[in-house]
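1. coords below, sequence missing:
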């Protein structure tokens, strides 16, 4: 089989066979196809799309490119959660210990930052010594012992997706619905959970800009879930503005820990409660939405969700003293406020602009080899709907040097639109 023929075929908009897709995945995973040729095929897919049969074949091939974890000896029902990504999305860090604190096993493979969106693994690695590279046996043991494991894709789990994921990030192919669906669902198949909760984001800070695109992806991933025998539920959430008040790796960990202790931004709380009730339902632990919300709030109020997160950090080698004393996280050398020069109400806080600012500050990767600065980012004081007076602090930029901070302040002012209207936000757009 000639790989150039496969590239030409997809470039011309033709459907690839399962055999051709398996050939690509196996050869690329085995380093027999160079990045530049893989990039050509990925770009062709991004431009011309894929049929349902192609997407199912790609997902299956990526899942089977490495080991598939069998968790059936641990529990009959194990849940997983995944987001398509967004600016300030630290929901995994909050919802996973909440659900585990309710006695429901959570087994999750997470990814690194992609494009302007942050990655859960990069955030976890801002906790000193936290080990994201568990063996399969260690992963299973954590699920068995503490009902929670959060780790990266190891060399043996979906290695094809790991390579394609990193390549997509640097060639401008992060917004392809077929590639997003196959990437997410291949990890879900490989990680062993049999109940999947999906958060499909849409808006300015998401790869998917419209509700229609989000629904299309949600339906596609639900189809893949059905095909793989995993019950799947989707919610569509708004990502026009950043989620929560922090954007940046260690800054988001700090916000997540505070949320687990009860100090939770309203938009985060909305997503947590709506997602959590369905994770509890998926696990077969209650169908009453009101009761399920009460259960979530109880494990936050009694401290058990926070203790579960600490337990996770300890089990995966992290220095738990950073969680117990958030002041220990290293701060950026430059922290400077953005001051309002007018009055009114925040009508817009463009998440796309914010994501690009934080990427330029060094919180994400522009090239595969880039090293992330976990200290940098933005802390918001004012978000959509908030009243603003002249001289108020809108946000604080955390930067590694004065030049980057100055550029970030200029761009961040553009991200804000302050006017006369009081905008009512809608975090949950639709539940499918």
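-> Cool, got the structure. Every value quoted in this text rests on a predicted model; they were computed, and no experiment measured them.
2. Could you tell me how many residues sit around residue 43?
-> 18 (other C-beta atoms under 10 Å). For glycine as for every other residue, the C-beta is placed from the backbone atoms N, C-alpha and C.
3. Look up how far residue 179 lies from it.
-> Look at residue 43 and residue 179: by C-beta to C-beta, to the nearest Å, they are 10 Å apart.
4. can you check residue 163 too?
-> Plainly put, residue 163 is 13 Å away from residue 179 if you go by C-beta to C-beta.
5. Mind jotting down where the strands sit in the stretch 301-432 of the chain?
-> Under the criterion DSSP state E, counting those that start in this stretch, strands of the stretch 301-432 of the chain are mapped to 334-339, 344-349, 377-380, 387-388, 393-399, 416-419, 428-431.
6. Outline the domain layout of the protein.
-> Domain ranges of the chain: 3-49, 79-324, 331-419, per automatic domain parsing.
7. Could I get the ones you listed in TSV, plus columns for distance to residue 72?
-> As requested, the domains of the chain are exported to TSV (distance: least, C-beta to C-beta, whole Å):
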stretch	distance to residue 72
domain 3-49	26
domain 79-324	8
domain 331-419	36
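8. Highest mean neighbour count out of those?
-> Among the domains of the chain, domain 79-324 has the highest mean neighbour count (mean count of other C-beta atoms under 10 Å), at a mean of 22.
9. just to revisit the earlier point, so which of the domains of the chain is nearest residue 429?
-> The closest of the domains of the chain to residue 429 is domain 79-324. By C-beta to C-beta, the value is 4.4 Å.
10. ends of the closest one, how far apart?
-> Distance across domain 79-324, first residue to last, is 27 Å (C-alpha to C-alpha, to the nearest Å).
11. for that domain, what is the average pLDDT?
-> Averaging pLDDT along domain 79-324 yields 91.
12. Could you do stretch 38-51 as well?
-> Mean predicted lDDT for stretch 38-51 stands at 95.
13. Was I right to think residue 385 contacts residue 422?
-> Yes: contact criterion C-beta atoms under 8 Å: residue 385 and residue 422 qualify, at 6.1 Å.
14. show me the contacts for residue 25.
-> Residue 25 sits next to 58, 61, 62, 65, 160 when contact means C-beta atoms under 8 Å, 6 or more residues apart in numbering.
15. could you measure residue 348 against residue 394, distance?
-> Here residue 348 is placed at a distance of 12 Å from residue 394 (C-beta to C-beta).
16. Kindly report the same for residue 416.
-> From residue 416 across to residue 394, the span is 6 Å (C-beta to C-beta).
17. Could you do residue 411 as well?
-> Taken as C-beta to C-beta, the span from residue 411 to residue 394 is 13 Å.
18. What are the neighbouring residues in contact with the residue nearest to residue 401 when sequence neighbours are not counted?
-> Distances taken as C-beta to C-beta, 6 or more residues apart in numbering put residue 334 closest to residue 401, at 6.3 Å, once the chain neighbours are dropped. Taking C-beta under 8 Å, 6+ apart, we find residue 334 in contact with 397, 398, 399, 400, 401, 402, 404, 405.
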